[in-house]
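Task: produce atomic coordinates for the following.
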Amino acid sequence: MKAIHANGRPVWAEISLRAILHNLRLVRRQIGRKRKVLAVVKSNAYGLGAVPIAKALEKQGVEWFGVTCGSEGVELRESGIGKRILILTGFWPGEEERLIKNGLTPTVTRVEDVAHLDRAARSARSKSRPWRFHLKINTGMNRLGISPSDIDAFAGEMARSKHVALEGTFTHLASSEDFESRQSEDQEAVFRDCLNRLRLRGISPGMVHMANSAAICARPSTWFDMVRPGAILYGYYQSFAPAEIDRDVRRRLSLEACLSLRARIIALRDIAAGQPVGYGARYTSAAPSRIAVINAGYADGIVRQRTNHGCAIIRGRRVPLVGVISMDLTMLDVTGVPEVALGDVVTLYGKDGQAEIRVSDVAREINTVTSELLCAVGRRVARYYL
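Model prediction:
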């Protein structure tokens with residue numbers, strides 16, 4: 001394990017590319033081979049490592065990658081990724097030249113974006129084919145995207161723009177995992193109406209995409225021409241409602257979690273009953289206890305919401321986290337593991353023997369989303385791709 005300690009801290013993440021490719025196969029089996037896959041690798045592939053993950057996915061035939069901004073797309077291009085890259089959240093006026101130079105596909109989220117793209121395309125490639133972009137339509141999430149009432153204005157702008165071409169049209173679902181609400185059905189109806197209105201104005205919407213991870217799992221009417229897996233690609237389920245749908249999804253799609261987060265015990269301390277542990281004395285031992293310390297804290301991905309809440313795994317057994325989780329250190333009560341020793345591996349996420357802790361399970365316990373916990377794994381944590 002010497003390589004794992006090369007940065008001087010015995011804390012590391014293991015990312016299983018085999019698990020990610022297994023999950024990709026499940027997605028393809030679910031949606032059928034004719035539909036394309038846009039792998040969402042934004043925010044450094046949810047903190048797991050965009051470049052190595054994108055390279056593995058590209059080798060397996062993924063057609064598109066989705067990123068948040070131009071710099072994320074440039075990073076993939078400079079690493080050798082040749083497949084199409086969509087900037088999901090649009091662009092800031094002034095960065096068009098960089099997008100063109102790196103062969104990145106922008107998203108139009110405002111009608112006036114079309115003119116910005118057209119001017120940049122006219123200047124950069126006046127004699128080449130039009131610069132292709134995707135259009136995002138706001139169907140009820142009310143973040144980004146042109147409003148349905150802007151369809152006529154968009155059509156007019158397209159008629160004036162000779163150097164750009166609409167390649168795809170998409171929207172984003174706000175609550176696709178919630179089958180007790182009609183919001184997704186309402187959004188789909190609005191989206192289909194907007195697609196028809198584009199066609200009536202002589203504009204082909206091109207490649208249509210709507211389905212995020214939860215919709216891929218359970219809403220086939222949203223699959224259209226391409227789907228956008230994010231969390232499920234990395235092996236993590238949303239919590240579906242009602243419970244029978246949640247059970248059905250888990251039965252049909254046997255996802256494999258790709259992340260293991262581990263550290264080693266760097267200190268052991270025996271304390272008497274009634275002794276405080278950590279900042280603010282938020283934990284006090286009820287009986288004589290053995291406390292282990294690991295060299296990882298909230299700067300490494302063990303979020304403070306887990307203070308005195310949740311557990312880790314040592315020698316195949318669950319042990320509780322105790323005391324306030326600090327920036328660099330976390331404490332565990334290992335009294336129930338009498339053979340514990342300095343240097344033992346502690347699993348925060350992942351498997352050890354028959355025990356397993358999934359990021360998605362922890363997210364439910366502390367009332368957050370899986371992607372937040374994945375993105376919380378700090379930059380200083382060494383990542384190893386298995």
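
wait, what's in contact with Leu76?
Val41, Ala50, Val51, Ala54, Phe65, Val67, Ile85 (CB atoms under 8 Å, 6 or more residues apart in numbering). Every residue, glycine included, has its C-beta placed from N, CA and C.

SS state for it?
What DSSP: H, G, I helix; E, B strand; the rest coil gives for Leu76 is helix.

Could you measure from it over to Thr68?
Per CB to CB, to the nearest Å, Leu76 is found 12 Å from Thr68.

repeat for Ser326
Ser326 sits at a distance of 30 Å from Thr68 (criterion: CB to CB).

Could you report the neighbour count for Ala243?
Residues lying near Ala243 (other CB atoms under 10 Å) number 9.

Next: Phe224.
22.

Can you classify it as helix, strand or coil?
Counting by three-state DSSP, the backbone at Phe224 sits in coil.

and the gap between Asn308 and Ala211?
Relative to Ala211, and taking CB to CB, Asn308 is found at 39 Å.

likewise Leu99?
Going from Leu99 to Ala211 by CB to CB gives 25 Å.

Show me which of these two is the more surrounded one.
Ranked by neighbour count (other CB under 10 Å), Leu99 and Ala211 place Ala211 first, with 26 against 22.

right, and the more buried one touches Gly230 too?
No. Counting by CB atoms under 8 Å, Ala211 does not reach Gly230; the two are 10.8 Å apart.

Who's the closest spatial neighbour of the residue nearest the centre of the chain, skipping the chain neighbours?
Closest residue to the average C-alpha location of the chain: Tyr46 at 4.0 Å, with CA atoms, centre = their mean. Using CB to CB, 6 or more residues apart in numbering and skipping the chain neighbours, the partner closest in space to Tyr46 is Leu374 (4.2 Å).

Dihedrals phi and psi, Leu259?
The phi and psi values for Leu259, taken as degrees, to the nearest 10, are phi -100, psi 130.

State the next helix or strand along the chain beyond the lengthiest helix in the chain.
Determined from DSSP state H, the single longest helix within the chain is helix 183-200. Downstream of helix 183-200, the next assigned helix or strand under DSSP states H and E is strand 207-209.

show me what contacts the residue of the chain most remote from its centre?
Farthest-out residue of the chain from its mean C-alpha position, per CA atoms, centre = their mean: Ala272, at 43.3 Å. Going by CB under 8 Å, 6+ apart, Ala272 touches Ser285, Pro288.

Quick one: neighbours of the residue nearest to Tyr46, just the number.
27.

pretty sure it is touching Val359, no?
Yes. If you go by CB under 8 Å, Leu374 and Val359 touch, sitting 6.1 Å apart.

Need the overlap of contacts for these two.
By CB under 8 Å, 6+ apart, the residues touching both Leu374 and Val359 are Tyr236, Leu259.

Could you chop this structure up by domain?
Using automatic domain parsing, the domain parsing of the chain gives 17-252, 259-385.

Show the pLDDT at the closest residue to Met331 other than its chain neighbours.
Excluding its sequence neighbours, the residue lying closest to Met331 (CB to CB, 6+ apart) is Gly323, at 4.6 Å. On pLDDT, Gly323 comes in at 95.

Can you tell me how far Gly323 is from Tyr298?
Going from Gly323 to Tyr298 by CB to CB gives 13 Å.

What ranges does the stretch 51-200 of the chain have for its strands?
All strands of the stretch 51-200 of the chain, identified by DSSP state E, counting those that start in this stretch, fall at 64-67, 84-87, 107-108, 131-136, 164-170.

All the helices of the stretch 251-386 of the chain, residue numbers only.
For the stretch 251-386 of the chain, the helices defined by DSSP state H, counting those that start in this stretch occupy 359-365, 370-375.
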